[in-house]
Every structure is written in C-alpha cells, then in structure tokens.
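Trainee: structure of the sequence below:
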Amino acid sequence: QVQLVESGGGSVQAGGSLRLSCAASRKIYCRHDMYWYRQAPGKEREFVSIIDREDRTIYAESVKGRFTISQDNAKNTLYLQMSSLKPEDTAMYYCQAYQYGGSGCAAAAYWGQGTQVSVSS
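Mentor: Next up is the predicted model:
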C-alpha cells in the first residue's frame with residue numbers, strides 16, 4: 001500500500017499562483033505514472049496532468065501553458081505548479097499513483113485525500 005498526502009492548496013485571487021505537493025509514504029518500485037485530477041462542486045472528477053517515470057508529461061487543454069507537473073523521486077513527491085489561476089480552476093485537487101501490473105507487481109491505483117484550491121475573481 002502507498003499513502004499519498006496532498007498539500008499546498010489555498011485561496012488566491014485570479015492571476016495568482018500556487019504549488020501543490022503530493023508526498024508518497026514510500027518509494028513505488030513498480031512501473032507507475034503519477035496524475036493530478038480535480039473535482040469542482042457538482043462536477044465529475046477531471047484529468048489535469050500526468051507524468052511518467054521518464055518525466056514525459058501531458059496536460060489537459062484547460063491548463064496547458066499555465067500548470068507544470070514535476071516529480072522529485074528522491075523525495076517521493078509529486079508537484080503541480082499552477083500559475084495564472086482562474087476562478088474556473090477552483091476545485092479539490094487529487095493526486096493519483098497508477099501502478100502497472102506485471103513483473104511481480106499488481107495493478108493498483110492509489111489516491112490522496114485532496115487539497116482545496118479556491119480562486120476568486
């Protein structure tokens with residue numbers, strides 16, 4: 001099992017910045033990808049960004065050019081640098097570790113508890 005703990009959320013004005021962190025309880029030795037998702041009130045959880053073990057990244061169109069995902073493997077920590085924030089970025093932000101099955105590893109998805117981001121206009 002892997003526990004993920006997000007932090008860094010808060011309330012900012014439009015145009016501001018925040019950096020979210022997601023700390024894993026231990027190193028994930030199996031092949032895995034790390035994700036950020038978000039869920040606004042009354043809406044479904046949506047994909048924000050992904051980073052793989054080779055630091056290749058993909059972003060949702062809505063955040064491309066404003067958000068940057070990164071990871072520090074020595075610290076077992078995932079980050080999301082958010083800039084030029086907009087009111088529509090207001091949501092609970094969750095990190096996920098998706099572990100692939102195979103080579104003695106079981107497929108699994110681990111989620112954090114979320115951190116709230118609120119952007120006012």
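
Trainee: for the residue nearest the centre of the chain, give its distance to S121.
Mentor: What sits nearest the mean C-alpha location of the chain, by CA atoms, centre = their mean, is W36, with 2.5 Å. For W36, the distance to S121 (CB to CB, to the nearest Å) stands at 23 Å. Bear in mind the C-beta positions are built from the backbone N, C-alpha and C, glycine included.

Trainee: for G9, same thing?
Mentor: The gap separating G9 from S121 is 18 Å, by CB to CB.

Trainee: next, the buried residues of stretch 102-117.
Mentor: 110-112, 114-115, 117 (16 or more other CB atoms under 10 Å).

Trainee: what about that stretch, distance to the chain center?
Mentor: Centre-to-centre, stretch 102-117 and its host chain are 11 Å apart (CA atoms, centre = their mean, to the nearest Å).

Trainee: same check on stretch 86-104?
Mentor: Worked out by CA atoms, centre = their mean, stretch 86-104 lies 5 Å from the chain centre.

Trainee: and the pLDDT at the residue nearest to S84 when sequence neighbours are not counted?
Mentor: Nearest residue to S84, sequence neighbours excluded (CB to CB, 6 or more residues apart in numbering): R66, at 4.6 Å. Here the pLDDT value assigned to R66 is 98.

Trainee: which residues does R66 contact?
Mentor: R66 makes contact with 82-85, according to CB atoms under 8 Å, 6 or more residues apart in numbering.
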